[in-house]
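> any chance you could fold what I've pasted below:
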Amino acid sequence: MTLKPSQIRDILNAKREEFNAFNREAMQVLEQYRQALKQVSEMPDSDLEEKIAKCAKPVGAKPLEPLSKGINAVIAANLAWQNREQSLAWVRDRLTGITTFAVDGSQIYPSKDLSIPIALVQIGWFENLHLPTGGYEKDVAVDIMTPQDLRVGEHGEMADRRVSMRRFQMETQRLVEYMKACSQPESCLVFLDGSLVATFADVFDAETKSFYVDCLLELLRTSEERRVPLVAYIDTTSAKDITGMLQALYDLPEPRSIHDAQLVSRSMEWGDRTPLFLCERSGILDHYEEQRRAITFTYLKTNRDHPPARLEMPLWMHEAGLTEKVLNWVRGEVIVGSGYPYVIETADQTAVLQTEDRQAFYKILQDWAETQGLDLRFSRKMVSKVRRR
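Alright, predicted model coming up:
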């Protein structure tokens, strides 16, 4: 049966005050943080640097550009056009001849409806040459995970986690391969759809944590060695690096529901960004070896109706003076994609596995198993679903 809207509304109305109380408290804390951000933005750079240096532990973020460069830690882009044609002309001036590349992935997890554990991982990539004559490449790579690949390890991790790990490995490896083969790094931009800081892996066992860190370390090292610009794009972020810095500097309340993007969004117009920060988050970065203090970030307003996206980049790009040029390339991709980088969006569309793809996979699997004499059985529930669809 479907949901009953009347019941949902009645429950929400009954609990309205709980939501209002939460919102009031969050807004009060948010305003304290905004006032603190205003203070550090107006503080002499040397004073802020000295204040951060006195903190006993990493504070989450360290400014690499003067906060006084903007207002309330926001650097205005001053980008406005009368129509889409004008904005696309601006994009052509900056992206023509710049090759952009992105990878995304999809998977079919092992199912209890099959008698043999098996999974499929597919990654898709998109390379756009941005030439007047056109030119692009879209393709996919697939891997099948066997019962041996999906075995539960000594720490008892789920088979689904192994599938996610394999997808992550395939995505980052494809980016590494691309950067190593890049012949013109000065006119190339590679996107990672996700974060360079694997905080999500902090809750895992040491082996799994090391797996994710190793994938990202290879990505960071390859970008630096080959001098290929790399941008990790996080569209919806709850990172708290700037709030962590402010909390340490002003002994503010714990920012339970407050994150960086909320903090700066109100002061931003489309295309605006924050100054660049060095990520000094505690935890997972302690395992990043020489890359421990080599990841920068900024917040970029890419959609008028939503908080800014978080962009993470290797430190070498800032040291080489590439930040603003690369950010204009990102802005261009966002304009083409109408609010989201076109190259990432297209990679996602290339990689995604639809319902018909899953059914085709199971049919191929069933036919193959019969030819091999394997005892592969589908549950009655799965057979029923396939018939009904």
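
> got the buried residues for stretch 63-73?
Burial within stretch 63-73, assessed by neighbour count using 16 or more other CB atoms under 10 Å, is assigned to 63, 64, 65, 67, 68, 69, 70, 72, 73. Where C-beta positions appear, they are placed from N, C-alpha and C, glycine not excepted.

> which one of these is nearest residue 248?
Relative to residue 248, the closest of the buried residues of stretch 63-73 is residue 63; by CB to CB it sits at 13.6 Å.

> so what's the backbone phi/psi at the closest one?
When quoted as degrees, to the nearest 10, the phi and psi of residue 63 stand at phi -60, psi 130.

> which of the buried residues of stretch 63-73 sits closest to residue 141?
residue 64 (36.3 Å).

> follow-up on the earlier one: which among the buried residues of stretch 63-73 gets closest to residue 97?
Among the buried residues of stretch 63-73, and counting by CB to CB, the member closest to residue 97 is residue 65, at 27.5 Å.

> what about the closest residue to the closest one other than its chain neighbours, how many residues nearby?
For residue 65, the nearest residue in space outside its immediate sequence neighbours is residue 275; the separation is 3.8 Å by CB to CB, 6 or more residues apart in numbering. Around residue 275 there are 19 other residues, counting by other CB atoms under 10 Å.

> residue 275 against residue 69, yeah?
Yes. The pair formed by residue 275 and residue 69 meets the contact definition of CB atoms under 8 Å, at 5.6 Å.

> mutual contacts of these two, please.
Among the neighbours of residue 275, those also in contact with residue 69 (CB atoms under 8 Å, 6 or more residues apart in numbering) are residue 75.

> tell me which of the buried residues of stretch 63-73 fall in helices.
Cross-referencing the buried residues of stretch 63-73 against helices under DSSP state H gives no overlap.

> which pair of these spans the longest distance?
Taking every pair in the buried residues of stretch 63-73 and measuring CB to CB, the maximum separation is 17.8 Å, between 64 and 72.

> low-confidence ranges in the stretch 51-200 of the chain?
With pLDDT under 70 as the threshold, the stretch 51-200 of the chain has low-confidence stretches at 152-157.

> relative to residue 223, how far out is residue 108?
The spacing between residue 108 and residue 223, counted by CB to CB, to the nearest Å, is 31 Å.

> in terms of neighbours, single out the busier of the two.
Between residue 108 and residue 223, counted using other CB under 10 Å, the more crowded position is residue 223 (24 against 19).

> what residue spans form the domains of this structure?
Taking automatic domain parsing as the reference, the chain has its domains at 27-353, 360-388.

> check the secondary structure at the residue nearest to residue 65 for me.
For residue 275, the assignment made with DSSP: H, G, I helix; E, B strand; the rest coil gives coil.

> residues contacting it?
Residues in contact with residue 275, defined by CB under 8 Å, 6+ apart, are 63, 64, 65, 66, 67, 69, 70, 73, 75, 298.

> alright, calling it a day.
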